[in-house]
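1. Build me a model:
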Amino acid sequence: KPTPLTAPGDALVPARPAFLMNVAVNRADACYSHGERLSVKFKAETDCHVYLLYHQADGNTVLIFPNKAQTDTSVKANVEVAIPKAGDEFRFRIGAPYGQEALQTIAAKKPIELLDKLEASAGRATPVPKVVQEELAKEIKASADQFAEHRVVIHTQEGGGALPAPRAPLRTGLFVGVNKQKDTRHGHEAPQAKGSAEKMHAAMTTLGGIAPEHARMLTD
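-> So this is what the prediction gives:
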């Protein structure tokens with residue numbers, strides 16, 4: 001299913017992310033049936049502190065990273081973190097409620113006190129009250145350049161129904177030639193930048209497996 005225009009966690013998206021984050025799940029189509037195993041991986045562009053929220057279909061949100069098996073929020077740059085990690089004795093399996101849900105990483109240059117002081121539940125997922133999310137949204141809005149975020153929207157359903165077939169990966173290309181220069185010490189334009197974008201566009205749409213309709217070139 002296509003990602004909707006609005007999704008759980010919209011209020012926690014910084015306007016000017018400080019760095020890049022990525023979160024992914026173990027099904028390419030992000031569609032799960034009851035009882036299926038869910039696993040998550042995330043990676044940050046820089047050293048930071050990461051928290052993973054699971055926005056459930058019933059409107060409740062839980063914190064699944066950090067957890068009792070993975071207590072440290074600090075993550076090294078470009079090091080992939082798996083939940084559950086190899087050797088963990090717990091697994092995530094899909095259950096009710098069903099519908100549109102989202103896994104959302106919130107990363108920050110410093111520990112997020114609002115989330116650190118949440119009282120851990122008896123299980124492995126800690127409830128995140130709406131009032132805490134509202135306070136966090138205010139903090140992110142006030143200091144957006146201290147935070148980063150990424151989400152994957154998933155769809156869950158009761159067991160017994162056939163899952164849609166996984167979609168094949170789609171290769172796309174964006175080729176940018178920034179040839180207009182603000183600093184004019186070396187001229188107003190850098191035609192080689194525009195030319196490089198054009199050459200890469202041509203190469204990837206003829207030899208690189210990117211269909212022309214899935215490629216875009218931006219110059220000037």
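2. quick one: the strands in the chain?
-> Under the criterion DSSP state E, the chain carries strands at the ranges 21-25, 31-33, 37-38, 40-44, 48-55, 61-65, 74-75, 81-83, 92-93, 99-108, 126-127, 147-157, 173-177, 215-219.
3. And those: which comes nearest Pro191?
-> Of all the strands of the chain, strand 173-177 sits nearest to Pro191, with 8.9 Å by Cβ to Cβ. Where C-beta positions appear, they are placed from N, C-alpha and C, glycine not excepted.
4. Tell me which helix or strand in the protein has the weakest average pLDDT.
-> strand 92-93 (a mean of 88; mean pLDDT, DSSP states H and E).
5. With distance to Glu189 added, can I get the strands of the chain in a markdown table?
-> A markdown table is the format used below for the strands of the chain (distance: least, Cβ to Cβ, whole Å):
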| stretch | distance to Glu189 |
| --- | --- |
| strand 21-25 | 35 |
| strand 31-33 | 48 |
| strand 37-38 | 51 |
| strand 40-44 | 36 |
| strand 48-55 | 38 |
| strand 61-65 | 47 |
| strand 74-75 | 41 |
| strand 81-83 | 44 |
| strand 92-93 | 53 |
| strand 99-108 | 38 |
| strand 126-127 | 55 |
| strand 147-157 | 34 |
| strand 173-177 | 10 |
| strand 215-219 | 11 |
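6. Give me the residue at the spatial middle of the chain.
-> With distances taken as Cα atoms, centre = their mean, His150 lies nearest the centre of the chain, 2.7 Å away.
7. Please look at it and Ala44 and confirm they touch.
-> No: counting by Cβ atoms under 8 Å, His150 does not reach Ala44; the two are 9.2 Å apart.
8. And the pLDDT at the residue nearest to the centre of the chain?
-> Listed pLDDT for His150 reads 95.
9. That one and Thr71, how far apart?
-> Noted for His150: a distance of 22 Å to Thr71, by Cβ to Cβ, to the nearest Å.
10. re earlier: anything in contact with each of His150 and Ala44?
-> Leu20, Met21, Asn22 (Cβ atoms under 8 Å, 6 or more residues apart in numbering).
11. returning to what we had before: in terms of mean pLDDT, which of the strands of the chain ranks lowest?
-> For the strands of the chain, mean pLDDT drops lowest on strand 92-93, to a mean of 88.
12. Show me what that strand is packed up against.
-> Secondary-structure packing of strand 92-93 (3 or more Cβ pairs under 8 Å, 6 or more residues apart in numbering; DSSP states H and E): strand 37-38.
13. Direction included, what does the strand it packs on pair up with?
-> Paired neighbours of strand 37-38 in the sheet (DSSP bridges): strand 92-93 (antiparallel).
14. which residues touch the strand it pairs with?
-> Gly35, Glu36, Arg37, Leu38, Ser39, Val40, Ile64, Ile83, Pro84.
15. Over to stretch 111-120?
-> Contacts for stretch 111-120 (Cβ under 8 Å, 6+ apart): 49, 51, 63, 68, 73, 106, 126-128, 132, 135-136, 139.
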